[in-house]
Each structure stands twice: as structure tokens, then as C-alpha cells.
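Student: Please find the sequence and the predicted model below.
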Amino acid sequence: MLLVRKVDGPATARVGDRVTYRATEFNRINPTEDEKRGINWLIECEGEAFRHETNVGDVFTLEITDILVGKTIVAKPFANQPSSAVSVFTLIQPEPKQRLREQWGTIQTEFADILIENVAGFSEQELVGRIRSLADELDDLIDSIGPIERDEEDDQDPELTPPEARRLAIIVGHTLHRQGAAALPPIDQNEYPFNTEIARRMELAAANHGMVARTFFRDGVGIQGAYQNAVAFDPDSIIELHFNAAENPAARGTETLYGDVNPDSRRLAELVQNSMVSVFGRSRSGNRGIKVRQPGDRGFASVTAAPTVPSVLVEPFFGSNAGECRLAHEKAVEYAEGLVDALVKFTNLSEH
Ligand SMILES: [Zn+2]
């Protein structure tokens, strides 16, 4: 009797694929087609028989339908008895939508946990921070599947970009559809349009230093996508632009967030924070300092998205504070130029 010794098949597949399994080695060399016709197949899904067919031959094809999403199937060709020794595993990969549903579920659970823990005594401020961070995650989840309406602009003239030039990646926080916090007059804009303008000014300032700055957006690609695009630009540093907001209209100050995934991010954060403190003339209370982000903290996803590049996220002022908005409006150009000065200083210092 012809026995199967080995079977081949794909390690992964997606819904809609036609997967082919093939018996490739037997107890005899060169069996006849007639002998091969006697091969039976058992397909298991999550340990249970899913398909069982006799006299199929050495090739078995299977349509992957959506009931198999996220599951592992095992194909076993056999003569008498199916055996794990002659089997192949295929993981049916989740569809993007399925993955999003799972992520959404995780965030919901986290949200519920925070509310429950609050009973045990989160401070109000911690609670607000946690919930804002979750809201950002949800926004980002939606952004990552959203349509891209922005023109794919590439206004860098390659002839003006010497290959050895230092490079700066700017990421504008939030998206066209969810523009982030609002700033009071005279700014009277949300984070997204305000920081798009700051990014343009930074590009000009960088050019004056012989540095190439390029701006990246989260629209349609989410935080991860924006950082991936930024990393592909091969920058020396990445800065994400925001501004702060709070219920309390008196809340004020400048802070810079960073992650500990890149050892140089802290030094970059210090330079950037010093620049903003100087531009805005921050006294001790207005200097909220540099803050390393932990999982669950607002901004964590951003400052840890590109571990290979020093990255910071800036919160220069509070849009919810009228005095802060007057100050930021007045100092907007200096602010943009000051950020670039700090980034130039950073890259020059890190030159080998
Ligand atoms: Zn923001």
C-alpha cells in the first residue's frame, strides 16, 4: 500500500485564497498515478475534523472561507489513519477589519478597567489622562482605515536635496477629520490646521540651515503609518506637533514628551524643551518639563512608534487658556524657528 511520508502546504493564507496541499514523499519512489489516487485527506480546524475526503489523490485544494478567519487548519493526507507526523499547519490570517474589531475590543476592555479601577481611587487628573489617551487610540484606529483626501504632495525638489543633507521629519498631530484640541482666539484653530502651518514654517527654517525637513500626516494611515512614512525618509530626528488643552482654563505651560525606546530621545527632548521655554519666556511654573511616556500615557504610541529614530512630541502651550493663545499667536514664527534650531543643534551634536 502507498503510504504518504511528507506533505507540503502554505504556512499562512487569507480568506478568499485557494490553498493547495500536496503529498510530496511516499514509502515508495515514483508511485503511479493510480496508486496516488487512493490517498485520503483529513482537514482539521481547531482540533476538529473540518473536511474528510477519500480517494482524492496527492493534491488537495481548499477554499478559505471567512469561518476560518484567525484559525489554524491542519492538513493530513493518509492511506489508513491520519497522523500528526504527516501534516502541515496553515494559519488563516485575520482580515484587516477583523483585526480592527479585535483592537477596538481591547480598547473597550481597557476603558472598562479604568472606570472600575477609578472606584479604587484614581485621581481625577490621572483618569482624565487615561481617558484622553484611550480616545486618541480610538481616533487613531479610525484614522488608520480612513480615506486619504489629502493630495499626495511631494514638493521636495530632488536637485535641491543633497544626499548628505541632515533630515528632519515633522508629524502633524491629529487629522483633517478629527483635528484635535481647539485653541481660543486669536489662534481660533484646532491643532491640525495650526500645526500644519507651523510645519510649513519649520520646513522653510530648516532649508535656511541646509537641512531638509518633510512633513508627514496621520490622515488615512494612523500614527503607525505616519511614523513608518517618516522613517522611510531616513530622518535624523522626528518631532510631532500638538498643543495642550484642559478643563481648567488656568492650566498653562510647555512640555515635551518622549519614549525610552531610543536612547537619544531624551537629549532631543531636553533641547526642544529648552528652546520652547526660551521662546515663550517660561518661568518655573510654566516649564512643565520633559516627560517620559509609559504604556497607557497620552502620546505613548507616537513617541515609541519609531524606535530607530530619536523622537519627541511637543505640547508648547494650552489652547484652552486665552493668555496662552495670545502668547503662542504672537510667538508662532519664533516657536517654529526655535524648534528647528534645537533640531539642528541635536543633529550637529550627534554627527560622528
Ligand atoms: Zn494633540
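Tutor: That came in fine, so what should we check first? Values in this document were obtained by computation on a predicted structure and should not be read as measured data. Numbers count the residues shown, from 1 in each chain.
Student: contacting residues around the strand ranked longest in the chain?
Tutor: Taking DSSP state E as the criterion, the chain has its longest strand at strand 18-26. For strand 18-26, contacts defined as CB atoms under 8 Å, 6 or more residues apart in numbering pick out 2-10, 13, 36, 39, 41, 58-64, 75, 77, 88, 90. To be clear about C-beta, it is placed using only N, CA and C from the backbone, and glycine gets the same treatment.
Student: Please go through those and note which also touch the ion.
Tutor: The subset of the contacts of strand 18-26 within reach of the ion, by CB under 5 Å from the ion, is empty.
Student: For the stretch 1-150 of the chain, which segments count as helices?
Tutor: Ranges of helices in the stretch 1-150 of the chain, per DSSP state H, counting those that start in this stretch, are 33-36, 96-119, 124-145.
Student: ok, and which of those helices has the densest surroundings?
Tutor: Comparing the helices of the stretch 1-150 of the chain by mean neighbour count (mean count of other CB atoms under 10 Å), helix 124-145 ranks first with a mean of 16.
Student: What residues does the stretch 51-200 of the chain have near the ion?
Tutor: Near the ion, when you scan the stretch 51-200 of the chain using CB under 5 Å from the ion, you find 173, 180, 191.
Student: got any ranges where this protein has weak pLDDT?
Tutor: Scanning the chain for pLDDT under 70 picks out 95-98, 117-122, 146-163, 350-352.
Student: What is the neighbour count of residue 289?
Tutor: Counted with other CB atoms under 10 Å, residues neighbouring residue 289 total 12.
Student: Same question for residue 208.
Tutor: Neighbours of residue 208 (other CB under 10 Å): 10.
Student: Make 58 the starting number, not 1.
Tutor: Noted, 58 is the first residue going forward, which turns the last one into residue 265.
Student: so who does it touch?
Tutor: Counting by CB under 8 Å, 6+ apart, residue 265 makes contact with nothing.
Student: Repeat that for residue 147.
Tutor: 66-70, 76, 129-132.
Student: and the gap between the residue in the stretch 208-357 of the chain that the ion sits nearest to and residue 65?
Tutor: As assessed by CB to the ion, the ion sits closest to residue 299 within the stretch 208-357 of the chain, at 3.4 Å. Distance of residue 299 to residue 65, computed by CB to CB, to the nearest Å: 51 Å.
Student: same check, this time on residue 86
Tutor: 17 Å.
Student: picking that back up, hmm, the residue of the stretch 208-357 of the chain closest to the ion is touching residue 237, no?
Tutor: Yes. The criterion here is CB atoms under 8 Å, and residue 299 meets it with residue 237 at 6.7 Å.
Student: what sits in contact with each of these two?
Tutor: When contacts are counted by CB under 8 Å, 6+ apart, residue 299 and residue 237 are jointly contacted by 230-231, 248.
Student: now residue 247, nearest residue through space, not along the chain?
Tutor: residue 236 (3.5 Å; CB to CB, 6 or more residues apart in numbering).
Student: Could you export stretch 357-366 as PDB, CA atoms only?
Tutor: Extracted C-alpha coordinates of stretch 357-366, given in PDB (Å, rounded to 0.1, in the frame of the first residue of the first chain):
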ATOM      1  CA  PHE A 357       3.000  56.800  24.200                       C
ATOM      2  CA  ALA A 358       2.000  55.400  20.800                       C
ATOM      3  CA  SER A 359       3.700  58.300  19.000                       C
ATOM      4  CA  VAL A 360       7.000  58.500  20.900                       C
ATOM      5  CA  THR A 361       7.600  54.800  20.700                       C
ATOM      6  CA  ALA A 362       6.500  54.300  17.100                       C
ATOM      7  CA  ALA A 363      10.000  54.700  15.600                       C
ATOM      8  CA  PRO A 364      12.500  53.200  17.900                       C
ATOM      9  CA  THR A 365      15.300  53.600  15.400                       C
ATOM     10  CA  VAL A 366      15.000  57.400  15.300                       C
END
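Student: close to the ion, is that stretch?
Tutor: No. On the criterion CB under 5 Å from the ion, stretch 357-366 is out of touch with the ion, staying 9.5 Å away.
Student: now that we're looking at the most centrally placed residue in the chain, how far away is residue 160 from it?
Tutor: Ranked by distance to the mean C-alpha position of the chain (CA atoms, centre = their mean), the top residue is residue 281 at 1.9 Å. In this view, residue 281 and residue 160 are 11 Å apart by CB to CB.
Student: Nearest residue to the residue of the chain most remote from its centre in space, please, no chain neighbours.
Tutor: Going by CA atoms, centre = their mean, the residue of the chain most distant from its centre is residue 58, 54.8 Å out. Closest residue to residue 58 in three dimensions, ignoring its sequence neighbours and counting by CB to CB, 6+ apart: residue 136, at 5.5 Å.
Student: if we can go back for a sec, okay, and the residue nearest to the centre of the chain sits in which element?
Tutor: Assessed by DSSP states H and E, residue 281 sits inside helix 279-289.
Student: For that helix, list every residue counted as buried.
Tutor: Of all the residues in helix 279-289, those buried under the rule 16 or more other CB atoms under 10 Å are 279-280, 282-284, 286-288.
Student: Save the residues you listed as TSV, and put in distance to the ion too.
Tutor: Converted to TSV, these look like this (distance: CB to the ion, whole Å):
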residue	distance to the ion
279	14
280	11
282	17
283	13
284	15
286	19
287	17
288	21
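Student: so what's the residue in the stretch 58-207 of the chain that the ion sits nearest to up against?
Tutor: Using CB to the ion, the closest approach of the stretch 58-207 of the chain to the ion is made by residue 193 at 7.6 Å. By CB under 8 Å, 6+ apart, the contact set of residue 193 is 355-356, 358.
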